[in-house]
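S.K.: Below are the sequence and a predicted model; questions follow.
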Amino acid sequence: MKAMCGISWKLRNRAELVYMAVWAYPFLCCRNRWSQRVKGKKRMSDSIKELTEKIVAFRDARNWKQFHNPKDMAISISLEAAELLEVFQWSGPDTEVDTDKKLDKVREELADVLIYALLMGHDLGLDIEEIVSSKLDVNNRKYPAEKAYGRADKYTAYKEKNTNDCL
């Protein structure tokens, strides 16, 4: 048993320990560390706010806000996500980002998705850090690590039968 953030995890091998340390640990039990100041560094929420302000300033300097209603922003997010997916289209068994050209294209399209998402959140008055943290909490309940580890099943596969809990 390894204890992380006061939670004991039964780990079967070194790979599971690495997974828990790198991926699950920060998201499942130490969410607040992302919003704390560490050795003078900016909080993530400050960085997100500053980045959003830069994006909004870019947009407003071009008078593009008039085109940014929630429907069109959602469409734009979807279109940019499709362009991200296009990087992998017809690549056969190649599912990796193994070339600089492919990585550059992924970087560009992912930035477009994030820009539109941050703009939409800003325009709707949403706190990005809060909604992401809230969704991680929901996902943590839907996909408990002890049941979902290494599995790609839908969350309903992890529900206990004969329970009245709503996830």
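M.R.: That came in fine, so what should we check first?

S.K.: contacts, neighbours, all on C-alpha from now
M.R.: Fine.

S.K.: To what extent is residue 156 buried, counted in neighbours?
M.R.: Neighbour count for residue 156, taken as other Cα atoms under 10 Å: 11.

S.K.: secondary structure class for it?
M.R.: Judged by DSSP: H, G, I helix; E, B strand; the rest coil, the three-state class of residue 156 is helix.

S.K.: Pull the number of nearby residues for the closest residue to it other than its chain neighbours.
M.R.: Spatial nearest neighbour of residue 156, excluding adjacent residues (Cα to Cα, 6 or more residues apart in numbering): residue 142 at 7.9 Å. Residues within reach of residue 142, counting by other Cα under 10 Å, total 19.

S.K.: separation between residue 142 and residue 131?
M.R.: Going from residue 142 to residue 131 by Cα to Cα, to the nearest Å gives 16 Å.

S.K.: Could you do residue 149 as well?
M.R.: Distance of residue 149 to residue 131, computed by Cα to Cα: 24 Å.

S.K.: what packs against whatever helix or strand residue 134 lives in?
M.R.: Per DSSP states H and E: residue 134 is located in helix 128-142. Where contact means 3 or more Cα pairs under 8 Å, 6 or more residues apart in numbering; DSSP states H and E, helix 128-142 is packed against helix 44-61.

S.K.: just the CA coordinates of the following helix or strand past the helix it packs on, formatted as PDB?
M.R.: Downstream of helix 44-61, the next assigned helix or strand under DSSP H and E is helix 70-86. Taking Å, rounded to 0.1, in the frame of the first residue of the first chain, the C-alpha atoms of helix 70-86 are listed here in PDB:
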ATOM      1  CA  PRO A  70     -22.400  31.200 -27.800                       C
ATOM      2  CA  LYS A  71     -23.700  29.300 -30.800                       C
ATOM      3  CA  ASP A  72     -21.000  30.400 -33.100                       C
ATOM      4  CA  MET A  73     -18.300  30.000 -30.400                       C
ATOM      5  CA  ALA A  74     -19.400  26.400 -29.800                       C
ATOM      6  CA  ILE A  75     -19.300  25.800 -33.600                       C
ATOM      7  CA  SER A  76     -15.800  27.300 -33.800                       C
ATOM      8  CA  ILE A  77     -14.600  25.000 -31.000                       C
ATOM      9  CA  SER A  78     -16.000  22.000 -32.800                       C
ATOM     10  CA  LEU A  79     -14.500  23.000 -36.100                       C
ATOM     11  CA  GLU A  80     -11.100  23.600 -34.600                       C
ATOM     12  CA  ALA A  81     -11.300  20.300 -32.700                       C
ATOM     13  CA  ALA A  82     -12.100  18.600 -36.100                       C
ATOM     14  CA  GLU A  83      -8.900  20.300 -37.500                       C
ATOM     15  CA  LEU A  84      -7.000  18.800 -34.600                       C
ATOM     16  CA  LEU A  85      -8.400  15.400 -35.400                       C
ATOM     17  CA  GLU A  86      -7.500  15.900 -39.100                       C
END
